[in-house]
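Participant: Kindly generate the corresponding structure for this input.
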Amino acid sequence: MNNLVLSLAPKFTKLLTLVLRQENPQLEDTAVETIAKFCHDLQDLDLSKSFKLGDRSLYALSHGCRNLTKLNISGCTSFSDEGLEYLTKFCRKLKILNLCGCIKATTDCALQAIGQNCNMLHSLNLGWCDNVGDLGVTSLAYGCPDLRCLDLCGCVRITDDSVIALASGCLHLRSLGLYYCRNITNREMYSLAHSRVKNKASIWQPMKGRYDEEGLRSLNISQYTALTPSVVQALCDTFPALHTCSGRHSLVMSGYLNLTSVHCACAVQSHRTLNSILHTAH
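Facilitator: Predicted coordinates for the structure are as follows:
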């Protein structure tokens, strides 16, 4: 694949989208450098699972592909935080960034750079990046207020402070992954619910007819150990788009034997409808 990219990139200078996802890593820095040299209009680039790539690729993209809006470098384990910080200084149009598994690159310093430079970001995947901490997530929360989707699954260092910051700074957040984030407690969940109540007058109330489009629509809180049914029920009550019912599991909470009493809005409505029918029948 590497030689193929080297030969074709100079001939396709108007490329907007390029997917180079690999199961068997072959791509090297020289190929990405060639892409950056000739494909200046590139907006969407997928380099996932390119284990052989290093910071040379990020430096090349920084100078040659400044129109990038979507970048997938998940599983690229050789990138460093310095390389990622450098990229964010030049690729400021990024809206979708997938860093899942980029353990070396995703330090708090790198996330601070993203928060400072990429304020157009809508979606960020930090899954299983266990160097991510509260300082980095807080920087994202206040630097990227338009975040819609954030995956923090497996980020074991984050605590309540991270999600409280997200609740305050990212009022348009629709999807949040917190699987295996075991340092998070009831306090964080209440902050999410309160964020909508607090900002309802300024954010949701003027948007009549679009109420259900705002607020959390997907939440993964599997493998928590400290949450109580009352706080999870408060989330369901606050965000009616979160579902626990069959076929619509947008609230994922596997691993909780004590949360069987939690029900989403449609389950509650079905129960009320059934009671109404039974009452009428009598």
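
Participant: Name the residues of stretch 51-60 that are buried.
Facilitator: Under the neighbour-count criterion of 16 or more other CB atoms under 10 Å, stretch 51-60 has L53, G54, D55, S57, L58, Y59, A60 buried. Heads up, the C-betas are built off the backbone N, CA and C, glycines and all.

Participant: I'd like the residues you listed as CSV, with pLDDT and secondary structure appended.
Facilitator: Formatted as CSV, those follow (pLDDT from 0 to 100; DSSP: H, G, I helix; E, B strand; the rest coil):
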residue, pLDDT, secondary structure
L53, 97, coil
G54, 97, coil
D55, 98, helix
S57, 98, helix
L58, 98, helix
Y59, 98, helix
A60, 98, helix
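
Participant: which one of the residues you listed is nearest S162?
Facilitator: Within these, the smallest distance to S162 is 25.4 Å, found for L58 (CB to CB).

Participant: And the pLDDT at the residue nearest to that closest one when sequence neighbours are not counted?
Facilitator: Spatial nearest neighbour of L58, excluding adjacent residues (CB to CB, 6 or more residues apart in numbering): G83 at 3.9 Å. As predicted, G83 sits at a pLDDT of 98.

Participant: Who are the packing partners of the helix or strand harbouring G83?
Facilitator: Per DSSP states H and E: G83 is located in helix 81-90. Applying 3 or more CB pairs under 8 Å, 6 or more residues apart in numbering; DSSP states H and E, one finds that helix 81-90 contacts helix 55-64, helix 108-117.

Participant: ok, now with 10 Å
Facilitator: Packing contacts for helix 81-90, counted by 3 or more CB pairs under 10 Å, 6 or more residues apart in numbering; DSSP states H and E, involve helix 55-64, strand 96-98, helix 108-117.

Participant: Quick one: distance of the second one to the chain centre.
Facilitator: This points to strand 96-98. Offset of strand 96-98 from its chain centre (CA atoms, centre = their mean, to the nearest Å): 8 Å.

Participant: do the last one as well
Facilitator: A distance of 15 Å separates the centroid of the chain from that of helix 108-117, by CA atoms, centre = their mean.

Participant: repeat for stretch 120-137
Facilitator: Worked out by CA atoms, centre = their mean, stretch 120-137 lies 7 Å from the chain centre.

Participant: Compute the first-to-last residue distance for that stretch.
Facilitator: Length of stretch 120-137, first residue to last, CA to CA, to the nearest Å: 16 Å.

Participant: V32 contacts L20, correct?
Facilitator: Yes. At 8.6 Å, V32 and L20 qualify as touching, with contact defined as CB atoms under 10 Å.

Participant: Please spell out which residues along stretch 101-116 are buried.
Facilitator: Residues 101-102, 104-108, 110-116 are the ones in stretch 101-116 that count as buried (16+ other CB under 10 Å).
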